[in-house]
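# I'd like to go over a predicted model; first the sequence, then the structure.
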Amino acid sequence: MFAWLEIRSSHFDYIASRRQGTVYVRKNYSVTEFPEELKNKVYLLKHFERYIMDRLYGDYDYTFEDQDRTKGMDFVQKYLRMKHVIVFKMSHDVLQFNFYDHSKVILSSHGLLVTHIDKNYKIARFTLSEIMAQALQPPVADPDQAKFNQRLVDKLKYCKEVLMSIRNASANQAPTDDDAGMGGGFVSAKASKASLR
């Protein structure tokens, strides 16, 4: 596993998981000085950096670049690909749901803070209690706002269903050696057999 803090950074963390992914061993290197056995992985890392910068990166008001941080970087700990969403569990306990309509829901602060990014990269942040209180109120007069509110609630319900299916699958499944790393992502075709890898 790798962690890359800042896309244009000159450092990376190499992270190896132990004990079925419950323990992570982290080593920090420069992109110019690293062990020979990491040569192919660094090549892939640079390839993904180019892809992200060319196709995915956007310069938005909320984009943060911590160029001084060279180690102890946050990373994708596990991910899951499903029919309508890709879920990322980050090492700092944030869950990010990337929907195939290009919107994103980010759950942080133990799920109590909800960030929504629409397909046009407009960001909105709410507490979960604000969203639930709004859902219990009569619909707002603005039809666009009412539509947004309902879609956000629907997406949060779907996120809950995904998380419940993961929990249920994890409770019914014994850990395997493949669970120790990123594997190939989520391999089950059914949500009821879901497991973050």
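Thanks, I have it. Numbers count the residues shown, from 1 in each chain.

# I'd say V94 and L107 touch.
Yes - with contact defined as CB atoms under 8 Å, V94 and L107 form a contacting pair (6.9 Å). For the C-beta atoms, the positions are set from N, CA and C on the backbone; glycine is no exception.

# So what touches stretch 101-114?
93-99, 115-119, 125-129, 131, 152, 155-156, 159 (CB atoms under 8 Å, 6 or more residues apart in numbering).

# same thing but 6 Å
Under the contact criterion CB atoms under 6 Å, 6 or more residues apart in numbering, stretch 101-114 has outside partners 94-98, 115-119, 126, 128, 155, 159.

# can you check stretch 84-95 too?
Contact with stretch 84-95 is made by 74-80, 96-100, 107-108, 196, as judged by CB under 6 Å, 6+ apart.

# again, but for stretch 151-161
Counting by CB under 6 Å, 6+ apart, residues outside stretch 151-161 touching it are 97, 105, 116, 135.

# can you pull the buried residues of it?
Going by neighbour count (16 or more other CB atoms under 10 Å), the buried part of stretch 151-161 is 152, 155-156, 158-159.

# Please compute how far stretch 53-60 lies from its chain's middle.
Here the centre of stretch 53-60 is set off from its chain's centre by 17 Å, with CA atoms, centre = their mean, to the nearest Å.

# Flag the shaky bits of this protein, pLDDT-wise.
Scanning the chain with the threshold set as pLDDT under 70 gives 1-9, 64-65, 174-197.

# which SS state does L107 fall under?
When classified by DSSP: H, G, I helix; E, B strand; the rest coil, L107 comes out as strand.

# please begin residue numbering at 312 from this point
Done: numbering now begins at 312, and the last item shifts to L418.

# and it, how many residues sit next to it?
20 (other CB atoms under 10 Å).

# try S414
19.

# ok, now M364?
For M364, the neighbour count with other CB under 10 Å is 11.

# Look up phi and psi at it.
Listed backbone geometry of M364 is phi -70, psi -40, with angles given as degrees, to the nearest 10.

# circling back: which ones among the contacts of stretch 462-472 lie within helices?
Judged by DSSP state H, the subset of the contacts of stretch 462-472 located in helices is A446.

# Apart from its neighbours in sequence, what residue is nearest T374?
Y368 (8.0 Å; CB to CB, 6 or more residues apart in numbering).

# roughly how far apart are the one you found and E360?
10 Å (CB to CB, to the nearest Å).

# okay, these two: which has more neighbours?
Counting neighbours by other CB under 10 Å for Y368 and for E360 shows that E360 has the greater number, 17 against 13.

# what about the more buried one, which helix or strand?
helix 350-362 (DSSP states H and E).

# May I see the buried residues of that helix?
For helix 350-362, by 16+ other CB under 10 Å, it's 353, 356, 360.

# Pairing partners for the following helix or strand past that helix, with directions?
Read in the C-terminal direction, the helix or strand following helix 350-362 is strand 387-392, with elements assigned using DSSP H and E. Note on strand 387-392: by DSSP bridges, its sheet partners are strand 396-401 (antiparallel).
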